[in-house]
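Trainee: Predicted model, plus sequence, below.
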Amino acid sequence: MPPRPLIIPIFIPHQGCPHRCIFCDQHAITAETAPASTQIQLETRIAEHLATAGRDRGPAQVAFYGGNFLGLPRRTLTALLEGLQPWLDRGQIAGIRFSTRPDTITAERLAWIAPYPIETVELGVQSMNEVVLDRSKRGHTAADARRAMEQLQTKGYQTGIQLMLGLPGDTARRALTSARAVAALGPDFVRIYPTLVLAGSALASAFTAGEYTPLTLTEALDQAAMLVRLFHQHRIGVIRIGLQAAEGLEDPAVVLGGPHHPAFGHLVYAQLYRAAAHRLLAQLQPLPQAPTIYAPPHEISRLLGHKKANLDSLRRMFARPRLRLAAQEGLACETLRCADRTQSIWQPD
Ligand code: SF4
């Protein structure tokens, strides 16, 4: 496998946004207060990341996140891209990526960025359901997302799509339909985020007024696991599930509600591994008194679950207090084994 690229994030909180979406507060989720719009700020961030990166890393990419990059005025956008030229010339940065709204992808704006080595564009699609988009005050439609993807793919960009779970008006069924519509667009990867109620957002007012009920952690995990499975079927990589840990997110004065968990992505995978272990044990006739389920060594933490919750749950469910979960070299990735049977974690329940 080629080494993963070193992503150097440059946060541009809310810059280029036409308005504030109902759920959003980039200052809270990135813990960034100042826009990184000057050369000095770029220099500091890039130098820090290059100095601390491991030797086995892949090529470095600068990523503009936290705002609507293509919505920036042309002068600001060009200044940011031009500012990267010294590192590009020295070969210290190999490419650029950014996130943006679907409705800012226009032929004119794509022409602005054409001279620069932009490799990847991430679209904040959030949902493909019109009711959800409308109630979340996104200000764009699912058709905008389709148009944007078509334009980006025609230009040869690598594309990613960000989806959210539990937005106002969303349901598990709508989330699945949305994810199917996203899969049909053929992005190279997706990110999945549960909606949190962030203080100061319009969603916080609706939450306080009792007009919005966030997903519980269990509901969010179930929906995320369902989507991860779907994208796997379509061979679309899920590169992130849940927000990156940030100090502010642990503060109850910042996150007022919603299914926040610092290990959200791990919990989703732990759920998929637990379900596979469950299927495997259910097939064993008779079930041994002390069965051992094996996973590849680099996946054993997912099989064990958060704080070994899967071990406890499987022992209880199958009344096998001596059940063990262990690592085994040579097992295929994402496969579990018990006795002479194997089980893929991707097989439907
Ligand atoms: S979700 Fe995106 S477009 Fe909306 S306010 Fe946040 S950064 Fe801006």
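Mentor: That came through fine.

Trainee: what's the helix ranked longest in the chain packed up against?
Mentor: Determined from DSSP state H, the single longest helix within the chain is helix 264-283. Under the contact criterion of 3 or more CB pairs under 8 Å, 6 or more residues apart in numbering; DSSP states H and E, helix 264-283 touches helix 217-233, strand 237-241, strand 292-295, helix 300-304, helix 309-317, strand 335-338, strand 341-344. No exception for glycine: its C-beta is placed from N, CA and C like everyone else's.

Trainee: if we compare the ones you listed, which one ends up closest to Arg101?
Mentor: Closest of these to Arg101 is strand 237-241, at 18.4 Å (criterion: CB to CB).

Trainee: okay, now the domains of this structure?
Mentor: For the chain, the structural domains run 6-262, 273-344, going by automatic domain parsing.

Trainee: chain center to stretch 263-282: distance?
Mentor: 19 Å (CA atoms, centre = their mean, to the nearest Å).

Trainee: Show me which residues of the stretch 1-150 of the chain sit near the ligand.
Mentor: 14, 17, 20-21, 24, 26, 67-68, 101, 124 (CB under 6 Å from any ligand atom).

Trainee: does Gln15 sit in a helix, a strand or a coil?
Mentor: Three-state assignment for Gln15 (DSSP: H, G, I helix; E, B strand; the rest coil): coil.

Trainee: Secondary structure element holding Gly67?
Mentor: According to DSSP states H and E, Gly67 maps onto no helix or strand at all.

Trainee: Around it, count how many other residues there are.
Mentor: 22 (other CB atoms under 10 Å).

Trainee: can you check Ala143 too?
Mentor: Residues near Ala143, counting by other CB under 10 Å, number 12.

Trainee: Repeat that for Arg180.
Mentor: Arg180: 14 neighbours (other CB under 10 Å).

Trainee: what does the one 10 residues further on give?
Mentor: Neighbours of Val190 under the rule other CB under 10 Å: 28.

Trainee: This structure: helices as residue ranges?
Mentor: 26-30, 39-52, 74-83, 85-89, 107-113, 130-135, 142-154, 172-185, 202-208, 217-233, 264-283, 300-304, 309-317.

Trainee: List the buried residues for the last one?
Mentor: Taking 16 or more other CB atoms under 10 Å as the basis for neighbour counts, the residues of helix 309-317 that come out buried are 310-311, 314.

Trainee: Could you save those as CSV and add columns showing pLDDT and distance to the ligand?
Mentor: Below are those laid out as CSV (pLDDT from 0 to 100; distance: CB to the nearest ligand atom, whole Å):
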residue, pLDDT, distance to the ligand
Asn310, 98, 34
Leu311, 97, 39
Leu314, 97, 39
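
Trainee: among the helices and strands of this protein, which has the poorest mean pLDDT?
Mentor: Using mean pLDDT, DSSP states H and E, helix 26-30 stands out as the lowest-scoring helix or strand of the chain, at a mean of 72.

Trainee: I'd like to know how far Ser301 sits from the ligand.
Mentor: 32 Å (CB to the nearest ligand atom, to the nearest Å).

Trainee: Equivalent analysis for Leu152, please.
Mentor: Leu152 sits 17 Å away from the ligand, going by CB to the nearest ligand atom.

Trainee: Kindly report the same for Glu334.
Mentor: 32 Å.

Trainee: The spatially closest residue to that residue that is not a sequence neighbour: how many residues sit nearby?
Mentor: Spatial nearest neighbour of Glu334, excluding adjacent residues (CB to CB, 6 or more residues apart in numbering): Ile345 at 4.8 Å. As a burial measure, Ile345 scores 24 neighbours (other CB under 10 Å).

Trainee: can you check Glu247 too?
Mentor: 9.

Trainee: how about the closest residue to Tyr157 other than its chain neighbours, what does it touch?
Mentor: Distances taken as CB to CB, 6+ apart place Val121 nearest to Tyr157, at 4.9 Å, with adjacent residues excluded. By CB atoms under 8 Å, 6 or more residues apart in numbering, Val121 lies in contact with 97-100, 105, 152, 157-160.

Trainee: What of Pro117?
Mentor: Going by CB under 8 Å, 6+ apart, Pro117 touches 88, 94-96.

Trainee: again, 10 Å this time
Mentor: Residues in contact with Pro117 (CB atoms under 10 Å, 6 or more residues apart in numbering) are 61-62, 81, 84, 88, 93-96.

Trainee: now it: how far from Arg97?
Mentor: 10 Å (CB to CB, to the nearest Å).

Trainee: who touches both of these two?
Mentor: Residues touching both Pro117 and Arg97 by CB under 10 Å, 6+ apart: 61-62.

Trainee: Have a look at the residues of the stretch 1-150 of the chain next to the ligand and tell me the least confident one.
Mentor: In terms of pLDDT, Gln26 ranks lowest among these, with 81.

Trainee: Counting neighbours, what do you get for that residue?
Mentor: If you count neighbours by other CB under 10 Å, Gln26 ends up with 19.

Trainee: That one reaches Phe11, doesn't it?
Mentor: Yes - the pair Gln26 and Phe11 qualifies as a contact (CB atoms under 10 Å) at a distance of 7.2 Å.
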